[in-house]
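J.: next one to model:
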Amino acid sequence: KVKADPVGIRRLQQTFPVHVGDDMEEIDHPGFLFANNPTHVKTKVPAFWNPPEYGSDGVRGFLGNWGERLMTPEEAEQVGSFYKKMPTIYVSIASYRDPECVPTVEDVFLRAKHPERVRLAVIDQVKDGDPKCSTPATPCAED
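T.: Numbers count the residues shown, from 1 in each chain. Have a look, this model is predicted:
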């Protein structure tokens, strides 16, 4: 069993983005628990963040032993990221064919007192032809 690496964890907290990619994992769809005629349905979601710095049990084992207990304040301080020694602000957006997603993302950064500390993740569910939330209205090079 590999123990967590405190030095590696501190280095990881100063690194962003930690991950940007298309890797997905398949999980049980939570909706089947509430269906009238439950059938076991799977769905794909972005893979759970699990850097090796948290040891062989991963971040879920490190923080609360896979949900058996609440994480301690000391453990909670070892997740998250920092920018110039200041904590970052994590914003998560789930978007289903939302034409307002791009302006919403832009607004997050425009309204932030410290936009350099914002870390934003979007799960963008679109059909072919829909605008993607990852494409800004004005390219960054022009704005």
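J.: number of nearby residues for the residue nearest to N65 when sequence neighbours are not counted?
T.: Counting by Cβ to Cβ, 6 or more residues apart in numbering, D57 is the residue found nearest to N65 once chain neighbours are left out, at 7.9 Å. All C-beta atoms are positioned from the backbone trio N, CA, C, and that covers glycine. Neighbourhood size, D57 [other Cβ atoms under 10 Å]: 16.
J.: might one say that D57 is in contact with L63?
T.: No - using Cβ atoms under 8 Å, D57 is not in contact with L63, being 9.9 Å away.
J.: how about Q78, phi and psi?
T.: The phi/psi pair for Q78 (degrees, to the nearest 10) reads phi -100, psi 10.
J.: and for it, the neighbour number?
T.: 19.
J.: dump the residue contacts of it.
T.: By Cβ atoms under 8 Å, 6 or more residues apart in numbering, Q78 lies in contact with P6, I9, Q13, F62.
J.: make a ChimeraX selection of the buried ones in those.
T.: Buried residues among the contacts of Q78 (16 or more other Cβ atoms under 10 Å), as a ChimeraX selection:
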select :9,13,62
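J.: sorry, back to before: what pLDDT is listed against the residue nearest to N65?
T.: Model confidence at D57, given as pLDDT, is 86.
J.: for this protein, what helix or strand is lowest in average pLDDT?
T.: strand 42-46 (a mean of 77; mean pLDDT, DSSP states H and E).
J.: which other helices and strands contact the helix or strand that comes right after it?
T.: The helix or strand immediately downstream of strand 42-46 is helix 58-62, counting by DSSP states H and E. Packing partners of helix 58-62 (3 or more Cβ pairs under 8 Å, 6 or more residues apart in numbering; DSSP states H and E): none among the helices and strands.
J.: going by neighbour count, which residues in the helix or strand just after helix 58-62 are buried?
T.: Next helix or strand after helix 58-62 toward the C-terminus (DSSP H and E): helix 73-76. When burial is assessed from 16+ other Cβ under 10 Å, helix 73-76 yields no buried residues.
J.: mind checking which helix or strand the nearest residue to P51 once chain neighbours are set aside is in?
T.: Spatial nearest neighbour of P51, chain neighbours left out: L12 (5.8 Å); criterion: Cβ to Cβ, 6+ apart. Using DSSP H and E, L12 maps to helix 6-13.
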